[in-house]
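Q: Could you look at this predicted model? Sequence included:
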Amino acid sequence: MDQSVAIQETLAEGEYCIIISFPAVQGALCEGESRRSRLLGLVRYRPERGGEEHALFLYTHRRMAITGDDVSLDQIVPISRDFALEEVSLDGEVYFLGSDVTVQLDTAELSLVFQLPFGSQTRTFLQEVARACPGFDPAALDPKFLWLSRYRRKEPEPESPTPRGWKSAAGTRPGRAIIGGGDSSFDESRPDGKGLLVDRSSRGQDKPENLLPRQNKSKSEITDMVRSSTVTVSDKAHILSMQKFGLRDTIVKSHLMQKEEDYTYIQNFRFFVGTYNVNGQSPKECLRPWLSHGIQAPDVYCVGFQELDLSKEAFFFHDTPKEEEWFKAVSEGLHPAAKYAKVKLIRLVGIMLLLYVKQEHAAYISEVEVETVGTGIMGRMGNKGGVAVRFQFHNTSICVVNSHLAAHTEEYERRNQDYKDICSRMQFRQVDPSLPPLTISKHDVILWLGDLNYRIEELDVEKVKKLIEEKAFQTLYANDQLRAQVAAKAVFEGFSEGELTFQPTYKYDTGSDDWDTSEKCRAPAWCDRVLWKGKNITQLSYQSHMALKTSDHKPVSSVFDIGVRVVNEELYRKTLEEIVRSLDKMENDNIPSVSLSKREFCFQNVKYMQLQVESFTIRNGQVPCQFEFINKPDEVSYCKQWLRANPSRGFLLPDSAIEIELELFVNKTTATKLNSGEDKIEDILVLHLDRGKDYFLSVSGNYLPSCFGSPIHTLCYMKEPILDLPLETVRELTLMQLQTEDDGSQLERPMDIPKELWMMVDYLYRNAIQQEDLFQQPGLRLEFEHIRDCLDSGMIDNLSASNHSVAEALLLFLESLPEPVICYSVYHNCFECSGNLTASKQVIATLPACHRNVFIYLMAFLQELLKNSAKNHLDGNILASIFGSLLLRNPAGHQKLEVAEKKKAQEFIHQFLCNSP
Amino acid sequence: MAKKTYDLLFKLLLIGDSGVGKTCVLFRFSDDAFNTTFISTIGIDFKIKTVELQGKKIKLQIWDTAGQERFHTITTSYYRGAMGIMLVYDITNGKSFENISKWLRNIDEHANEDVERMLLGNKCDMDDKRVVPKGKGEQIAREHGIRFFETSAKANINIEKAFLTLAEDILRKTPVKEPNSENVDISSGGGVTGWKSKCC
């Protein structure tokens, strides 16, 4: 059901609801328990100054909106530069495929959350909205949204049944524009008093879990560069590619991906991966022993913390001074031999992850995205869970996850579940919004660090400690929960871990290397671990750092050499070039193309009213195509009047063919100019393929002049059959002006009447004077052609045809005269004096001699016919009606006479039939 | 809204007498191939090729026209909208060179005023049959203030260079502030400047 029709009805002229290909997405505004369905319409407006502006129109609606009456405008959100619409995973709801899509709409003024139905329709809608967002092109004008003022100005009129939500919104807050009014001004209109569009900040207080994962975003945008590094990691590639994505770009991208090995090589980069559960402490010691002692300067640092801040404030307000403190401590602890740039800091309550790269690598880091997943209290809170950063390093995609999984020895299944939740709920936005979000597993390299909290099982505390003393780590490891769970494929499937050659990192008395002496007296465990997954990864070291004593955990580090795909620029260009060429080729191959069985058509000896047909075949190539004969410039039709292509347009499937007939037919309209040489049997037809080529078809031939279509006076000067005359003579005579009176200048006196007319009338006089239904029965086409040939070649003696055929030929002859027997110039005079025979005769007397003669001759013949009316059943009325409209023709055009005119013409002729001349 | 797949679209047109090698010039450029059999183009054909100039992806849509005299009135109607026209003659065919002035008049009458023109003397591999000296081609190009190349589709001489030069000349007068328009308005481009000395 396309509900955009209903929305379109409410819009003003010039505004267009772009949701043609998909109905307005029915969104449920989410606000706790209260959900209300809305129709979202993406409306486009094209201002006169150029460009386009868009706004989202929110409507309340009846169950199914069919007309404009079913929807009420609720709110307008202009799509300005600060507009953002992004997909979010709403806490409190488990995401699974096929579930509704939750999107968050942010502008400078408001923030709304919607749920949209799962499916391609929603995808298309989101894409359209993304496309409608004004770009970052500084040259483009800022949208002004003047057109929306129409909706703003409207004052509420109590008596008018305007939409409810709308009226109160505009009316209750005078001076306040509805645009951007995403606050409680709507509340008053809700009968249940529940605010529908609620500012996020006011909502946050009682529903902290909705807030937590999002707020850290702004916090993480710490911009200082570490160690006076001047290079900022820019997401330039990201920003640029956001602007333009299209089918072709997508294809190029996927081809580049397929051919990656052709233009990349593997280069090792040194990665430092560290994890440290700091037990809520502030940094008290230098971190260098952990981060940089005894190693070469790594290319990449991935440093993770857990229990950064255990205070209630950090938990509820997600704000902690510890973030800054530890960030500073790490930055100062990085290897002194190199300069590093911070790529990202991401934190969820106490779980923090920092990513640094050597300054010179910063330019090769792109598509950086961060995400957090809380798995703590109620399975959602941020006291446990994971944070992750994903990025592209050269051409390799890397995901680093820092997680703090559930505690307590017996809770290993809970830990397994936390891992699974993090894997399924950690979803990174893609550059191309039409692509599904990326998950952790979709990366070439995954580095997973953190306090995974797996313990040592089935050994009592003392036994564990004893084994540690003996450095019997292998025996201990046999009882490690993580090892057991991985072996059972219950967690971290496909991941690797290095050999544990260091003593457990948990739990010590703070400030010492002594095992936990507290009341709980925890058994030592390898809580803090580093795992990896992916190709070309070599672990160089895996150790703990006993020197650090700030926490009840010891920090762990691992150094890797990771093979990263690096682009060879030259080969890349070559590959890209090849892809572009192949796409061009594909595009060229997809230009519709056909083959024609024939392109030159010759019509020999075309005769008057004799159909000639030439046919040819259009055979299609591999692309479906639409063909059509198109008009040449300055022409009203695709071909001359005497020609027709049948069919003149059509559709062809690949490899199919169609036969086209070119039909040539000369009638009274076209004959005269062909006789006179003003027109020739010559034409070029343009066969056009939609989105494709044009083909020219040449038509040629010759026309055999005929008495049909020749003027009376021309025929009077032709003493020989028309076909015996040189074409030049026929042309000259046809073009000769009709003179009212003989000026005697002609070399030869013309005949009184055309001989062809005499031949037909004489034939009828001799053979058909008593013929029943003469002029009322149709003749035979074949006989007409025979009669025409006899007349044109003068072979009248050979004429043998039925009386009806000859009678019809006579009528056709009169009809084909370019100037009717009673000349156009006196047409109106005839009507004025109709009924007055004397006056009528005077009009006839003014006709040129040959026309006058023909008229008198015909009248005499018709009177002869009437004398035999007993036999032939003709009467004056019938004949006057038949001949009236042939002898008297409206000069205004060739169209048939109207009834009144027909009647008058009949009357005029009737006078001459009933009165002897 | 059409999906944007390239920065600019330039429409180019090949004109000139029948048999001078317009189709071969196009075929060499688009497919990097050459076919010796002569098949007269009876109609309008086109091919596309994407090139990169000054960091911009430019799609060239190149129209090949029928050269036969009897189709001239029809083919001139395809001039409109062309941003560049390549006027081709055959260095072994004097008549095709004599007709250049006629073709140039045709361009004046039917093409956009600011269309970028270029003269090509094709078949320059056939020097033994040459009847049009290179100097004559250069001279007429100079008189009309247009670029000139001698080309060979068969020996692949100057074909790519000619197309890229023409595209560059169009790009030069294309307003830069049209980053996402497929149909580029080149109306603000300056008129033809003096003869450009660059030639093969």
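A: Structure's in. What do you need? Here the structure is a predicted model, which is why all the values come from computation and not from measurement.

Q: in what helix or strand does residue B:119 lie?
A: Here residue B:119, judged by DSSP states H and E, is contained in strand B:116-122.

Q: For the residue most central in space within chain B, give the beta-bridge partners.
A: Nearest to the geometric centre of chain B sits residue B:86, at 2.0 Å (CA atoms, centre = their mean). Beta-bridge partners for residue B:86, by DSSP bridges, are residue B:14, residue B:118.

Q: tally of neighbours for the closest residue to residue B:165 other than its chain neighbours?
A: In space, and not counting its chain neighbours, residue B:165 is closest to residue B:147: 6.4 Å by CB to CB, 6 or more residues apart in numbering or on different chains. C-beta here means a position set from N, CA and C on the backbone, and glycine is covered the same way. Using other CB atoms under 10 Å in any protein chain shown, the number of residues around residue B:147 comes to 21.

Q: From chain A, how far off is residue B:147?
A: Residue B:147 is 25 Å from chain A, where distance means CB to the nearest CB, to the nearest Å.

Q: if I pick residue B:130, what's in contact with it?
A: Counting by CB atoms under 8 Å, 6 or more residues apart in numbering or on different chains, residue B:130 touches B:91, B:92, B:124.

Q: so which of the residues you listed comes closest to residue A:380?
A: Comparing the contacts of residue B:130 against residue A:380 with CB to CB places residue B:124 closest, at 76.1 Å.

Q: any weak-confidence spans in the stretch 101-250 of chain A?
A: Applying pLDDT under 70 to the stretch 101-250 of chain A picks out residues A:101, A:117-121, A:135-141, A:152-246.

Q: Show me what residue of it gets nearest to chain B.
A: Closest contact between the stretch 101-250 of chain A and chain B, by CB to the nearest CB, is at residue A:248 (3.4 Å).

Q: That residue reaches residue A:583, doesn't it?
A: Yes. Contact criterion CB atoms under 8 Å: residue A:248 and residue A:583 qualify, at 6.5 Å.

Q: between the two, who's got more neighbours?
A: The neighbour comparison of residue A:248 against residue A:583 (other CB under 10 Å) goes to residue A:248, with 20 against 17.

Q: Point me to the helix or strand that includes the more buried one.
A: With DSSP H and E as the criterion, residue A:248 is inside helix A:247-258.

Q: pLDDT score for residue 97?
A: Chain wasn't specified; assuming chain A. Looking at residue A:97, its pLDDT is 45.

Q: oops, chain B please
A: Residue-level pLDDT assigned to residue B:97 equals 97.

Q: Tell me which residues touch the residue nearest to the centre of chain B, please.
A: Taking CB under 8 Å, 6+ apart as the criterion, residue B:86 is in contact with B:12, B:13, B:14, B:15, B:22, B:25, B:118, B:120, B:162, B:166.

Q: I'd guess residue A:542 is in a strand, am I close?
A: Yes. Counting by DSSP: H, G, I helix; E, B strand; the rest coil, residue A:542 is part of a strand.

Q: give me the beta-bridge partners of it?
A: Assessed by DSSP bridges, residue A:542 has beta-bridge partners residue A:558.

Q: Including distance to residue A:651, pLDDT and neighbour count, could the contacts of residue B:86 go into CSV?
A: What follows is the contacts of residue B:86, written out as CSV (distance: CB to CB, whole Å; pLDDT from 0 to 100; neighbours: other CB atoms under 10 Å in any protein chain shown):
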residue, distance to residue A:651, pLDDT, neighbour count
B:12, 30, 96, 25
B:13, 28, 96, 27
B:14, 30, 97, 26
B:15, 32, 96, 27
B:22, 30, 96, 29
B:25, 33, 97, 27
B:118, 38, 97, 21
B:120, 38, 97, 31
B:162, 38, 97, 24
B:166, 36, 97, 24
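
Q: Out of those residues, the closest to residue A:722 would be?
A: So of the contacts of residue B:86, ranked by how close each gets to residue A:722 (CB to CB), first place is residue B:15, at 44.2 Å.

Q: What strand or helix carries residue A:290?
A: Per DSSP H and E: helix A:288-291 holds residue A:290.

Q: oh, I was asking about residue A:37
A: Element membership for residue A:37 (DSSP H and E) is strand A:34-45.

Q: what's across from residue A:265 in the sheet?
A: Here residue A:265, judged by DSSP bridges, has bridge partners residue A:566.

Q: which ones are touching the nearest residue to residue B:77 once chain neighbours are set aside?
A: Closest residue in space to residue B:77, ignoring its immediate chain neighbours: residue A:633 at 4.0 Å, by CB to CB, 6+ apart. By CB under 8 Å, 6+ apart, residue A:633 lies in contact with B:73, B:74, B:76, B:77.

Q: Please report how far residue A:633 lies from residue A:684.
A: 12 Å (CB to CB, to the nearest Å).

Q: Mutual contacts of these two, please.
A: Common neighbours of residue A:633 and residue A:684 (CB under 8 Å, 6+ apart) are residue B:74.

Q: Pull the longest helix seen in chain B out as PDB, backbone CA atoms only.
A: Longest helix in chain B, counting residues (DSSP state H): helix B:159-172. The C-alpha coordinates for helix B:159-172 follow below in PDB (Å, rounded to 0.1, in the frame of the first residue of the first chain):
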ATOM      1  CA  ILE B 159      44.600   8.800 -30.900                       C
ATOM      2  CA  GLU B 160      44.600   8.700 -27.100                       C
ATOM      3  CA  LYS B 161      46.500  12.000 -27.000                       C
ATOM      4  CA  ALA B 162      43.900  13.700 -29.200                       C
ATOM      5  CA  PHE B 163      41.000  12.600 -27.100                       C
ATOM      6  CA  LEU B 164      42.600  13.500 -23.800                       C
ATOM      7  CA  THR B 165      43.700  16.900 -25.100                       C
ATOM      8  CA  LEU B 166      40.200  17.600 -26.300                       C
ATOM      9  CA  ALA B 167      38.800  16.400 -22.900                       C
ATOM     10  CA  GLU B 168      41.300  18.600 -21.100                       C
ATOM     11  CA  ASP B 169      40.400  21.600 -23.200                       C
ATOM     12  CA  ILE B 170      36.700  21.100 -22.300                       C
ATOM     13  CA  LEU B 171      37.600  20.500 -18.600                       C
ATOM     14  CA  ARG B 172      39.600  23.800 -18.600                       C
END
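
Q: angle of that helix against strand B:116-122?
A: Per axes from the mean of the first three to the mean of the last three CA atoms, to 10 degrees, the angle that helix B:159-172 makes with strand B:116-122 is 170 degrees.

Q: which secondary structure elements does helix B:159-172 contact?
A: strand B:8-15, helix B:22-31, strand B:43-53, strand B:56-65, strand B:84-90, strand B:116-122, strand B:147-150 (3 or more CB pairs under 8 Å, 6 or more residues apart in numbering or on different chains; DSSP states H and E).
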